[in-house]
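Visitor: Here is my input, please return the structure:
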Amino acid sequence: MQETDRLSLGRVSRGWEAWPGFVRTAGTWECLRKIHREIFGGLFTFAGKIRTVNISKGSFRFANAIFLEKILPMISEMPQENFADIIAKYTEMNIAHPFREGNGRAMRLWLDAMLEREMNTRIDWRKITREEYMPAMQRSPVNTLELETLLKGAMLKGDDLRNGVIFTEGVAVSYSYESV
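Guide: Below is the predicted model:
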């Protein structure tokens, strides 16, 4: 694990007490910005700031930087009333990729906050491997069914939702998705 990820992960673990604040504003661009700033502030000079450069991963080019100021509020306004809505919103934010670095790590927390707010659940990321998640995310702009199926199979229930250890262990696993 890279030093930046190790330090950021420590912030997530210590920030469990602040989690309810993210859940209250879940699904908004401001919530995602705050999550990014919380976990990467001081580690990235651009923490919580909209990127001004175009970026890509593999052969996929994320949204053009000149459009981000307009599309991020539009994504914020997308419905999140049910699981399909939430996954559609998550997929659109992934296409936008608003930050220069740390998008996936911050957006998985953003997704969990939406799921907790709207459906009283989160994803147990310990149940999903990088080999399952990354291809599902790569295909999600065309069809979200694979991603939906994968995430539904890893939803937390009952007391597990209040378990900080499950939360932080799950986030640690999700951080491993970013390593190459």
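Visitor: Any figure for the gap between the spatially closest residue to residue 155 that is not a sequence neighbour and residue 115?
Guide: Leaving aside its sequence neighbours, residue 155 sits nearest to residue 121 (CB to CB, 6 or more residues apart in numbering; 4.6 Å). For the C-beta atoms, the positions are set from N, CA and C on the backbone; glycine is no exception. Taking CB to CB, to the nearest Å as the criterion, residue 121 is separated from residue 115 by 5 Å.
Visitor: and those two? which has more neighbours close in?
Guide: Legend: neighbour count by other CB atoms under 10 Å for residue 121 and residue 115, higher for residue 115 (25 against 19).
Visitor: what's the helix or strand for the more buried one?
Guide: Here residue 115 sits within helix 103-119, counting by DSSP states H and E.
Visitor: quick one: the regular element (helix or strand) spanning residue 84 to helix 103-119, angle?
Guide: According to DSSP H and E, residue 84 maps onto helix 83-96. Relative orientation of helix 83-96 versus helix 103-119 (axes from the mean of the first three to the mean of the last three CA atoms, to 10 degrees): 160 degrees.
Visitor: Can I get whichever strand or helix holds residue 36 as PDB, trimmed to CA atoms?
Guide: Assigned by DSSP H and E, residue 36 falls within helix 29-40. What follows is helix 29-40 as a C-alpha-only set of coordinates in PDB (Å, rounded to 0.1, in the frame of the first residue of the first chain):
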ATOM      1  CA  TRP A  29     -21.500  16.900  -4.800                       C
ATOM      2  CA  GLU A  30     -20.700  18.800  -1.600                       C
ATOM      3  CA  CYS A  31     -20.800  15.500   0.300                       C
ATOM      4  CA  LEU A  32     -18.300  13.900  -2.100                       C
ATOM      5  CA  ARG A  33     -16.100  17.000  -2.000                       C
ATOM      6  CA  LYS A  34     -16.000  16.900   1.900                       C
ATOM      7  CA  ILE A  35     -15.200  13.200   1.900                       C
ATOM      8  CA  HIS A  36     -12.300  13.800  -0.600                       C
ATOM      9  CA  ARG A  37     -11.100  16.700   1.500                       C
ATOM     10  CA  GLU A  38     -11.400  14.700   4.700                       C
ATOM     11  CA  ILE A  39      -9.400  11.700   3.600                       C
ATOM     12  CA  PHE A  40      -6.900  13.400   1.300                       C
END
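Visitor: Break down this protein into its helices, ranges please.
Guide: 3-14, 19-24, 29-40, 68-76, 83-96, 103-119, 130-139, 145-152, 164-175 (DSSP state H).
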